[in-house]
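Enquirer: the following block contains a protein sequence and its predicted model.
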Amino acid sequence: MLATGCAQAGATEQGQQVHQLFVVITLIAAPVFVIVELLLLYYVFKYRKRDGDDEAAPQQEGSTRSLVVFFLIPTIIVATVYGFGEVTLASVQKQDPNPQVEIRVEGFQWEWTFYYLNEGFFTTGKTLVKPAEMVLPVDTPIHFQLVSRDVIHSFFVPAFLFKRDVIPGRTNEFTITPTTLGTYQAQCAEFCGLHHAQMTFSVQVVTYPDYLNWVKAQRKAAQNVTCPVTGSAITVTAKDTAWNTNCLAVPAGSPISLTVVNQDAGIDHNFAIYDSSQRKQRFFQTGRFSGVATNSYQLAALPPGKYYFQCDVHGPSMSGTFIVAKPGAP
Amino acid sequence: MSAVSAGVEPRRKGRVMEWVTTTDHKKIGIMYLFSSFSFFIIGGIFALLIRIELASPGTQILQPHLYNQIFTLHGTLMIFLFIFPVLNGFGNYFVPLQIGALDMAFPRINALSFWLLPAGGLTILSGFVAKGGAAAAGWTSYVPLARQLGTGEDLWILGLLIVGTSSILGAINFIVTILRLRAPGLSMMRLPIFVWSVLATSLLTILAVPVFTAGILMLFADRNLGTYFFDPSRGGNVLLWQNVFWFFGHPEVYMLILGAWGIVSEIIPVFSGKPLFGYRGVVLSFLMITALSFTVWAHHMFATGSVELPFFSATTEMISIPTGVLFFNWLATLHKGKIRLEVPMLFALGFIAMFLIGGIDGVWTASPAVDFALTDTYWVVSHIHYVLFGGTVFGVTAGIYYWFPKMTGRMLSKTLGLWHFWVMLIGFNLAFFPMHLLGLKGMPRRIADYPATAGWTLLNRISTVGAFTIAAALTVFLVNVVTTMRKPRTATDDPWGGNSLEWATSSPPPVHNFDRLPPIRSNRPVYDLRAAAAVAPVAAPAAPARGGDAG
């Protein structure tokens, strides 16, 4: 227990402080442990009743003075531990007022979506298919907001020596500053049902230039999704909490007839169209319905352009690009 | 009918009916112990299934949905239907004896408290045949997850309502018994320390369990009646559940350990040949812990971000002060004693050595900044098992070896007892120490699977080996009990040289407990009796016989 002491030193500024506190508590607790266990063994050997020894033991019942001493010793110990703990706590709880990077983390059964709020894109995982990936610049304070779509989850990065619960109806916030380059495995730490164990993600800490390149690539990828127009009647299928496509295209100028197939027994889905993943404007939204079921809808024609669609129950992990193509375009 | 009952002797009840209809606290106590150990075996089999599943990455024998049910019911059965009732079993049998009473204050309510237990336990277990399976939200049953699950969750709520009712009735019975039925001369400060522990436990029970009952009723209403206490989308609050649950749940932890402290504090003085050192300090510590345990609940919620961290960290650190005092008193009792290493004493010493680890590893998590790293990992699983297994189960086992001759008139085999102790001590540490390290490596609790690349496999394997080693130790224990029960009753009234009144009657005691009571002039009346006999070999003058029925 002592040798591995809070395993790693912590890959963030805050994690390093937590590690130091762990070591301090260990230095206080370990002697208590060793002394009490050794005293116990020593007494058992020293005062063991030998054969033929019929003398009675001294019948001490303990004085008030011993009682006071017995209360005093642990009081001093825990007051010391408490003092160290408070100093570290105040430090790791500090939030950065002007963070360069702000990430909104959405937990849902059973994956994660990370919205990079200042950069305007998101990354997401697909349950049992692909864990979410988060990329962070090193030595930069990063502010997190945690929200849940369904039940309680917990955002836990072991290498950061930190976790915070992700709670429906509440936004939790904290700031951390990664200090060590590397890729770290992370996962949900609050039991959240069937596939809790698979609710993993990875955190990659990279240099600032690498981070900027990654952001550029993500933005480009988000804009470059395209698909051919097949007609004004489209079908989209939800299965295993995923759409069968990440791109739908319809011609401009004609009403759209949409069929939504939900093949997930007992799971609610819907289908909604927005201006972008920021969801500032909504153009269309079906009601939620549970699978297995199929529903059809009629939509008025939309102006040409690129839109964003998602299932509102599952968010960006079930999303894609909705293209309304100008007449004559392929 | 009247003609029959007139002159004819009433037909003697069959043996089964005798147990089913009994209101004798000793029979009820034994039924408590029997029922508890049955649930312990079921919960233990669940534990072995969990350990098999986690021995390797990938799915071994339990699909995730079944795994979630198994770990949920492992925790639920162990806490509500094994540990708490097993301590109640000792309380039922020995509180009336230790205070020189004929029975509990309300014998029929006592029988009711017992019979509610198997009813509640079976209700919870019946979830396995319900649609959607048994409860699978963990023994803490956090919302909103607990609102999503099937009928098993409702059966879990119903079962715990029944078990909670049993606990409340039992606690009221203990409090009245201890306050009103003590023998002449047995003042509160002469109470055997085990009786104090039962009194403290009972106070906690009547203050905490009704809160839990209210919580699970709200959960039931949310699930079935369209209320939304815990639904944030309609004005409810999911953290309300955690506050209510842990307001009960932390006192509950002390309800699960105080009785074991009481047992160990009885045994150590007897086998050291000394009085309990600092009796007043131990009583004071029990009462301080009882009070403080209602102020620490939110330390289970540090990571929710909704807790006044410095306050709950401070109260949590404070509760370790009276706990530390207990350790000092136990060590001081051993100091300069004449220590006899009989099996009950070994388990009591094992208790001190192991519970110390469970006490100390709680100090890290009492500090919120460290708790952010460790909570909800296997560190916490290790901590709770060092407290409840290394602590309570070792203490309870000490109690069984200690009181078995009193309850049955038979001495358990010392040889098998030694095997039981050493195999269990080794198995226990193999099973649970590696979990500290897994927690430090970041393995979350309650996961049905982990990747081979995580580096957790070896430690999990060791833990699984340890779990089966514990199972082997318990098999030795069962063999010991079964073979001993086939032997004749040879135990004397006082085989260990005990201190408290149960050793002043026959083994097993008669239905009315005592033919006569010795005079009570200290908290060790039976020791006083022996000491007097040693000084004046002529038989000490007998106290007046108690009541007409004793003659």
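Expert: That came in fine, so what should we check first? Quick caveat: nothing in here was measured; it's all calculated off a predicted structure.
Enquirer: so what's the residue count around residue 33?
Expert: Picking chain A for this. Using other C-beta atoms under 10 Å in any protein chain shown, residue A:33 has 17 other residues around it. No exception for glycine: its C-beta is placed from N, CA and C like everyone else's.
Enquirer: not what I meant, chain B
Expert: Look at residue B:33: counted by other C-beta under 10 Å, it has 22 neighbours.
Enquirer: that one touches residue B:87, doesn't it?
Expert: No. Taking C-beta atoms under 8 Å as the contact criterion, residue B:33 and residue B:87 are not neighbours in contact, 10.0 Å apart.
Enquirer: pull out the buried positions in whichever strand or helix holds residue B:195.
Expert: Taking DSSP states H and E as the definition, one finds residue B:195 inside helix B:193-224. Using 16 or more other C-beta atoms under 10 Å in any protein chain shown as the test for burial, helix B:193-224 gives B:193-209, B:211-213, B:215-216, B:218-220, B:222-223.
Enquirer: could you do stretch A:150-167 as well?
Expert: A:150-167.
Enquirer: can you pull out the strands in the stretch 351-500 of chain B?
Expert: Along the stretch 351-500 of chain B, counting by DSSP state E, counting those that start in this stretch, no stretch forms strands.
Enquirer: residue nearest the centroid of chain A?
Expert: Residue closest to the average C-alpha location in chain A (C-alpha atoms, centre = their mean): residue A:155, at 3.1 Å.
Enquirer: so for stretch B:108-128, mean pLDDT?
Expert: Averaging pLDDT along stretch B:108-128 yields 96.
Enquirer: near chain A, anything from that stretch?
Expert: No. Residues of stretch B:108-128 are not located near chain A by C-beta under 8 Å from any C-beta of the partner chain, the shortest gap being 16.0 Å.
Enquirer: which residues touch the residue of the stretch 351-500 of chain B found nearest chain A?
Expert: Minimum separation of the stretch 351-500 of chain B from chain A (C-beta to the nearest C-beta) falls at residue B:442, amounting to 2.5 Å. By C-beta atoms under 8 Å, 6 or more residues apart in numbering or on different chains, the residues touching residue B:442 are A:7, A:156, A:158, A:159, A:185, B:377.
Enquirer: ok so the fourth one is a strand residue?
Expert: So that's residue A:159. No. Going by DSSP: H, G, I helix; E, B strand; the rest coil, the assignment for residue A:159 is helix, not a strand.
Enquirer: how far away is it from residue B:284?
Expert: Residue A:159 sits 45 Å away from residue B:284, going by C-beta to C-beta, to the nearest Å.
Enquirer: where's residue B:183, which helix or strand?
Expert: Assigned by DSSP H and E, residue B:183 belongs to no helix or strand.
Enquirer: close enough to count as contact, it and residue B:96?
Expert: No. Look at residue B:183 against residue B:96 with C-beta under 8 Å: they stay out of range, at 10.2 Å.
Enquirer: more neighbours: these two, which one.
Expert: Remark: of residue B:183 and residue B:96, residue B:96 carries more neighbours, 30 against 19, as counted by other C-beta under 10 Å.
Enquirer: just checking, residue B:116 touches residue B:163?
Expert: Yes. Taking C-beta under 8 Å as the definition, residue B:116 is a contact partner of residue B:163 at 6.9 Å.
Enquirer: more crowded one of those two?
Expert: Neighbour count, other C-beta under 10 Å: between residue B:116 and residue B:163, residue B:163 has more, with 24 against 19.
Enquirer: so where's chain B shaky on pLDDT?
Expert: Within chain B, the stretches with pLDDT under 70 are B:1-12, B:536-551.
Enquirer: how about the residue nearest to the spatial centre of chain B: what's its closest non-neighbour residue?
Expert: By C-alpha atoms, centre = their mean, chain B has its centre lying nearest to residue B:83, at 3.2 Å. What sits nearest to residue B:83 in space, not counting adjacent residues and going by C-beta to C-beta, 6 or more residues apart in numbering or on different chains, is residue B:256, at 4.8 Å.
Enquirer: hang on, the earlier thing: inside strands: which ones of the buried residues of stretch A:150-167?
Expert: A:153, A:154, A:155, A:156, A:157, A:162, A:163, A:164, A:165, A:166 (DSSP state E).
Enquirer: so who does the first one touch?
Expert: Remark: with contacts taken as C-beta under 8 Å, 6+ apart, residue A:153 is in contact with A:107, A:108, A:165, A:166, A:188, A:190, A:192, A:199.
Enquirer: again, 6 Å this time
Expert: If you count contacts by C-beta atoms under 6 Å, 6 or more residues apart in numbering or on different chains, residue A:153 has them with A:107, A:166, A:188, A:190, A:192.
Enquirer: show me which residues of the stretch 101-250 of chain A sit near chain B.
Expert: By the rule C-beta under 6 Å from any C-beta of the partner chain, the part of the stretch 101-250 of chain A lying against chain B is A:151-152, A:158, A:161-165, A:168-169, A:172, A:189, A:191, A:193-194, A:197.
Enquirer: ok, now with 8 Å
Expert: With C-beta under 8 Å from any C-beta as the criterion, the stretch 101-250 of chain A meets chain B at residues A:150-152, A:154, A:156, A:158-159, A:161-165, A:167-170, A:172-174, A:185, A:187-198.
Enquirer: for chain A, see how far away residue B:18 is.
Expert: Per C-beta to the nearest C-beta, to the nearest Å, residue B:18 is found 42 Å from chain A.
Enquirer: quick check: which element contains that residue?
Expert: With DSSP H and E as criterion, residue B:18 is part of helix B:15-20.
Enquirer: and the contacts of that helix?
Expert: Residues from elsewhere that reach helix B:15-20 (C-beta under 8 Å, 6+ apart): B:27, B:31.
Enquirer: centre of the chain to that helix, how far?
Expert: 26 Å (C-alpha atoms, centre = their mean, to the nearest Å).
Enquirer: and for stretch B:303-315?
Expert: Using C-alpha atoms, centre = their mean, the offset of stretch B:303-315 from its chain centre is 28 Å.
Enquirer: residues touching it, excluding its own?
Expert: So stretch B:303-315 is contacted by A:82, A:85-86, A:89, A:93, A:154, A:163-165, A:167, A:170, A:172-174, B:239, B:242, B:292, B:295-299, B:301-302, B:366-368, B:371-372, B:375-376 (C-beta under 8 Å, 6+ apart).
Enquirer: narrow these to just the buried residues.
Expert: The buried subset of those (16+ other C-beta under 10 Å) comprises A:82, A:85-86, A:89, A:154, A:163-165, A:167, A:170, A:172, A:174, B:239, B:242, B:292, B:295-299, B:301-302, B:366-368, B:371-372, B:375-376.
Enquirer: so which of these are in helices?
Expert: Among those, DSSP state H puts A:82, A:85, A:86, A:89, B:239, B:242, B:292, B:366, B:368, B:371, B:372 in helices.
Enquirer: now, which of the residues you listed sits nearest residue B:61?
Expert: residue B:242 (32.0 Å; C-beta to C-beta).
Enquirer: was I right to think that closest one contacts residue B:142?
Expert: Yes. With contact defined as C-beta under 8 Å, residue B:242 reaches residue B:142; the gap is 6.7 Å.
Enquirer: how about the residues of the stretch 51-200 of chain B that lie near chain A?
Expert: So the stretch 51-200 of chain B meets chain A at B:64, B:65, B:68, B:136, B:137, B:138, B:142, B:143, B:144, B:145, B:148, B:149 (C-beta under 8 Å from any C-beta).
Enquirer: quick one: list the elements packing against the longest strand that chain A contains.
Expert: As assigned by DSSP E, the longest strand anywhere in chain A is strand A:315-325. Where contact means 3 or more C-beta pairs under 8 Å, 6 or more residues apart in numbering or on different chains; DSSP states H and E, strand A:315-325 is packed against strand A:101-108, strand A:111-116, strand A:121-124, strand A:242-243, strand A:247-251, strand A:305-311.
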